[in-house]
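1. Sharing a model prediction with you, sequence too.
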Amino acid sequence: MKFDIKGKLHLKKLGFFILLVFFSILKNAEISAQSIEEYMQMAAENNPQLQSAYAEFEAALQQSPQVAALPDPTLTVSAFGRMIETRVGRQEARFSFMQMFPWFGTLQSKENAANLMAEAGFYKYLDKRNQLFFEIKSVYADLYALDEIITLQKEQLKILDSYKELTLSQFKSANAPMVNVVKIDIRRDELQTEIELLNDLRQPLQTQFNLLLNRDITAEIEVQDTLVFESLSILENESFAEHPGIEVLAKQQASYKSQQSVAQKEGLPMIGFGLDYSIISPRDVENLEGNGRDAIMPMVTLTLPIYRKKYKASVKQAELMGESAEKAQEALVNEMKSEYESAKYELLKAEKRLKLYDRQIKSAERALKLLLSGFTNSVSTFDEVLQMNQDLLDYQTQKIEALKAGFIAEARIEYLFSKKEDYEN
């Protein structure tokens, strides 16, 4: 009796240990699994193209303090080999200091133009990040569809194996010819080749996805059980005005307008203020007023911008660049409208096809059951069974493809209507 009690205790302990291991495995699986949002965050931190765009933005920020600074002052030192005699003594040396000042508002306009270009660089970085997120979602959807189709086809192999047993049984009982078994072998061979090709396709997709994240191309990718997309008809009245790609051109246009102001102001005189200081040695003359007194002379300089062609050309250049940015913005809006209509159509098509394939799958499953029953009773042929089974597989595959297409279309629409605050940390 004691042995039985101890045995039960050992079994309870073993069972408890197994449960602990099981929950530990589940916990680790949950930790290792990563959502698409986590992959996007990883790409935002590691993608070299994105890092390059951000470095360009930071470099553009360094332009503002350069253009907003005054020109460097000049200091001239003159020492005379043969001293120049003045009434109060010989000039030993002369120091001239001069600071030039651009026309009023020139530096401010330059700073505004540089800051606006830096803002354009920031929106360019945001747009590249949004494009990267769209690419990640697209490849992720491809991986999902690929894995699901491979799973379907592996299940199909098991179904064909069960059909093979059925046809062999029918053949042995003289109710069906041996050719049915051969047909199944042909189909199995074809299916196995398709599975191998799909497995080969996963490697380039995995490489592409991991390179977007800038990590080892062999790193395992956790794909969620299903993809979900929703209708985005609520965005019908949204505009593209806040899209980062549009903001890039808007900031560039404003920058070119400031550059026009800069070009106009640079065509106005620059004013310089300075000081001239001469060291005078005393003369050997008694009672000479100011004998040996150093000379100090304030100076004012004015540039004369009389060669007007370069200033006019600079103004015209900034004006044309502004027009170019305006037209590019208009063209981009038109392109995005076209892309939105196309993506919206793909989304609606995916929704309708998913409903269609759900109905077809249910009908095909019922028809397949009836045909199998008819085959065992020698009412229907095995060719009809195989064909309906293939039709069912096609509907299931097309449903997966429709789900992928809808998910990518939704991701495309999200990109088109993305705004700055949508992706701010």
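-> Everything's here; your move. Numbers count the residues shown, from 1 in each chain.
2. where does the spatially closest residue to F209 that is not a sequence neighbour land in three-state SS?
-> Nearest non-adjacent residue to F209, counting by CB to CB, 6 or more residues apart in numbering: V139, 4.6 Å away. Placement of C-beta: from N, CA and C, glycine included. The three-state assignment at V139 reads helix, by DSSP: H, G, I helix; E, B strand; the rest coil.
3. so how far is T167 from V139?
-> Going from V139 to T167 by CB to CB, to the nearest Å gives 41 Å.
4. Which one's more surrounded, those two?
-> When V139 and T167 are compared for neighbours, T167 comes out ahead with 24 against 21, by other CB atoms under 10 Å.
5. Once you drop chain neighbours, what's closest to that one?
-> In this structure, T167 finds its nearest non-sequential neighbour in N180, 4.1 Å apart by CB to CB, 6+ apart.
6. Just to check, that neighbour is in contact with S169?
-> No: the pair N180 / S169 is not scored as a contact, 10.9 Å apart, by CB atoms under 8 Å.
7. Settle it for me: which of those two has more neighbours?
-> A count of neighbours by other CB under 10 Å puts N180 above the other of N180 and S169, at 21 against 12.
8. Check what pLDDT the more buried one gets.
-> At N180, the pLDDT value in this model is 89.
9. tell me the contacts of it?
-> For N180, the contact set (CB atoms under 8 Å, 6 or more residues apart in numbering) comprises 167, 170-171, 382.
10. do that again at 10 Å, thanks
-> Going by CB atoms under 10 Å, 6 or more residues apart in numbering, N180 touches 163-164, 166-168, 170-171, 375, 381-383, 385-386.
11. Distance check, it against I159.
-> Distance, N180 to I159, by CB to CB: 15 Å.
12. Any idea which helix or strand in this structure has the lowest mean pLDDT?
-> helix 2-32 (a mean of 37; mean pLDDT, DSSP states H and E).
13. Helix, strand, or coil at the most far-flung residue of the chain relative to its centre?
-> Distance from the C-alpha centroid of the chain, by CA atoms, centre = their mean, peaks at E286 (85.3 Å). Under three-state DSSP, the three-state class of E286 is coil.
14. please renumber so the chain begins at 300
-> Yep, numbering from 300; the last one is E585 now.
15. Now for it: which residues touch it?
-> Contact analysis of E585 by CB under 10 Å, 6+ apart lists nothing.
16. same question, Q659
-> Counting by CB under 10 Å, 6+ apart, the residues that Q659 touches are 652, 690-691, 693-695, 697-698.
17. can we see that at 8 Å?
-> Contacts of Q659 by CB under 8 Å, 6+ apart are Y694.
18. so how far is the helix or strand harbouring it from its chain's centroid?
-> Q659 is located in helix 608-675, with elements delineated by DSSP states H and E. How far helix 608-675 lies from its chain's middle: 18 Å, per CA atoms, centre = their mean, to the nearest Å.
19. Provide the backbone phi and psi angles at the residue nearest to T466.
-> Main-chain torsions, N479, degrees, to the nearest 10: phi -60, psi -40.
20. thought the residue nearest to F508 was touching N509?
-> No: counting by CB under 8 Å, V438 stays clear of N509, with 9.6 Å between them.
21. show me where pLDDT drops low in the stretch 350-499 of the chain?
-> Residue ranges of the stretch 350-499 of the chain with pLDDT under 70: 379-383, 386.
22. Next, the residue lying closest to T375 once chain neighbours are set aside: secondary structure please.
-> Sequence neighbours aside, S395 is the residue nearest to T375 in space, at 4.1 Å (criterion: CB to CB, 6+ apart). Secondary structure, three-state DSSP: S395 is strand.
23. go on, Q390?
-> Recorded secondary structure, Q390: strand (three-state DSSP).
24. thinking it is in contact with D575, fair?
-> No: between Q390 and D575 there is no contact, the gap being 11.3 Å when judged by CB under 8 Å.
25. ok so, going back, do you know how far the residue nearest to F508 is from G673?
-> For V438, the distance to G673 - CB to CB - is 44 Å.
26. next one: G705
-> Taking CB to CB, one finds G705 at 37 Å from G673.
27. So the two - more neighbours on which side?
-> Under the criterion of other CB under 10 Å, the comparison of G705 against G673 puts G705 first, with 24 against 14.
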